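In: with the input below, show me the fold.
(one chain, ligands or ions: 1)
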Amino acid sequence: MNPFQWDACPLCGGGDVHEIGPITYRQPIRFSTREIALAHTPMLFECRGCDSWFTQRIVPQATAFLLYETGASSEKWADTPAFVEGKSRNIVDRLSQHIKAGKKVLDVGANTGELLDHVRSLGAETSGAEPSRASREVLTRKGHQTFARLEDVSGTFDVITAFDLVEHLYDIPVFLRRAHQLLAPDGVLILLTGDRHCLSAEKSRQNWWYLKAPEHIVFPSDKYFRKVPGFQLLTKDATYASAGYERSRIMQWFQFIRKILLKGGYDGLPSLGPDHMLLSLKKD
Ligand SMILES: [Zn+2]
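Out: Numbering: from 1, shown residues only. Reported below is the predicted structural model:
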């Protein structure tokens, strides 16, 4: 099920990569919503060229796409709160800075449209790319323009959002080139993903909770995004996957110490500060 290995860094293409350690997934192993069996132990690797992390011995891309296409992520995320209640304040504010009435917005990995519903409430026109058939039905029912694949998307957009997406991608450079094509001049790409340089990731490394989903395979460094051809990194905001992970610093350290003492290991939760990054990249 998981024989796929990269010969070089999947982000910068560099060959100076080395092993950090084996990744142990929780049992039963679920790829998004589908239970899978793995024949090999996945390994976390680091690229010294771009400082990114990635997993070796992963599910091949064609299998992964089939799992996404037939998965029921609409059920997995059915209890997701409305976007503004669920997301950290700095994410909501950053979106409002770029998304205004009349703008055209494409969300890649739109799921059932929580982000797009919010974008529409700001007066923007909404489109979503989403591989899951079940989720696309929900998007269409809500009235968002819907595409199965990024290759099928037509038109140009003022803003492209991709939240919790890039860590799933087998070819981030191809995604970035396609996003560049689809953006209007001065258009902005806004990405939310885990930050492998955050304190809790540095402390837990291959035991970081964020790695412990077989569909999360690449963990780019912000250093990589500073050098993407055709884009300029405007902002990097340190944030959380959702507002539910936010704690006071005192509570974070108290829970951290208790977990170390009781369980003798740290998986990055509670997080010692923000463990995600929100990046805004402007098309040059
Ligand atoms: Zn690299």
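
In: for the closest residue to the ion within the stretch 101-250 of the chain, give me its contacts.
Out: In the stretch 101-250 of the chain, no residue comes nearer to the ion than residue 224, which is 6.5 Å away by Cβ to the ion. From N, CA and C alone the C-beta is placed, and that goes for glycine too. The contact partners of residue 224, taken as Cβ atoms under 8 Å, 6 or more residues apart in numbering, are 11, 12, 50, 51, 52.

In: what sits against the second one?
Out: Listed by Cβ under 8 Å, 6+ apart, the contact partners of residue 12 are 47, 49, 50, 52, 224, 227.

In: can you show me the CA trace of stretch 58-70 as PDB?
Out: What follows is stretch 58-70 as a C-alpha-only set of coordinates in PDB (Å, rounded to 0.1, in the frame of the first residue of the first chain):
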ATOM      1  CA  ILE A  58       3.800   6.800   1.300                       C
ATOM      2  CA  VAL A  59       0.700   5.700  -0.500                       C
ATOM      3  CA  PRO A  60       1.200   6.100  -4.300                       C
ATOM      4  CA  GLN A  61      -0.500   9.200  -5.800                       C
ATOM      5  CA  ALA A  62      -3.100   7.300  -7.900                       C
ATOM      6  CA  THR A  63      -4.200   5.400  -4.900                       C
ATOM      7  CA  ALA A  64      -4.400   8.600  -2.800                       C
ATOM      8  CA  PHE A  65      -6.500  10.300  -5.400                       C
ATOM      9  CA  LEU A  66      -8.900   7.400  -5.500                       C
ATOM     10  CA  LEU A  67      -9.200   7.500  -1.700                       C
ATOM     11  CA  TYR A  68      -9.900  11.300  -1.800                       C
ATOM     12  CA  GLU A  69     -12.400  10.900  -4.600                       C
ATOM     13  CA  THR A  70     -14.400   8.200  -2.800                       C
END
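
In: and it, what's buried?
Out: The neighbour-count check on stretch 58-70 (16 or more other Cβ atoms under 10 Å) flags 58, 59, 64, 67, 68 as buried.

In: so where do the strands sit in this structure?
Out: 17-22, 30-31, 34-35, 43-47, 53-56, 104-108, 125-129, 145-147, 157-163, 183-194, 218-219, 231-239, 276-283 (DSSP state E).

In: for those, give me TSV that also has distance to residue 6.
Out: As requested, those are arranged in TSV below (distance: least, Cβ to Cβ, whole Å):
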stretch	distance to residue 6
strand 17-22	8
strand 30-31	18
strand 34-35	23
strand 43-47	8
strand 53-56	7
strand 104-108	22
strand 125-129	24
strand 145-147	28
strand 157-163	21
strand 183-194	18
strand 218-219	9
strand 231-239	23
strand 276-283	23
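
In: in TSV: the ones you listed, plus mean pLDDT.
Out: Output for these, formatted as TSV (pLDDT from 0 to 100):
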stretch	mean pLDDT
strand 17-22	97
strand 30-31	92
strand 34-35	90
strand 43-47	98
strand 53-56	97
strand 104-108	98
strand 125-129	98
strand 145-147	98
strand 157-163	98
strand 183-194	98
strand 218-219	98
strand 231-239	98
strand 276-283	98
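
In: looking at the ones you listed, which is nearest to residue 265?
Out: strand 17-22 (13.0 Å; Cβ to Cβ).

In: hmm, back to that, who wins on neighbours among the contacts of residue 224?
Out: Most neighbours among the contacts of residue 224, by other Cβ atoms under 10 Å: residue 11, with 28 neighbours.

In: confirm for me that that residue is in contact with residue 54.
Out: Yes. Taking Cβ atoms under 8 Å as the definition, residue 11 is a contact partner of residue 54 at 7.3 Å.

In: pLDDT below threshold where in the protein?
Out: Judged by pLDDT under 70, the chain has its weakly predicted residues at 73-80, 264.

In: mind running it again at 80?
Out: Residue ranges of the chain with pLDDT under 80: 1, 71-81, 243-265.

In: hey, where'd the helices end up in it?
Out: With helices called from DSSP state H, the chain shows them at 61-70, 73-76, 83-86, 89-98, 114-121, 133-141, 172-182, 199-204, 222-225, 249-263.

In: neighbours around residue 230, how many?
Out: Neighbour number of residue 230 under other Cβ under 10 Å is 14.

In: near the ion, which residues of the stretch 1-150 of the chain?
Out: Residues of the stretch 1-150 of the chain found near the ion (Cβ under 5 Å from the ion) are 9, 11, 12, 14, 47, 49, 50.
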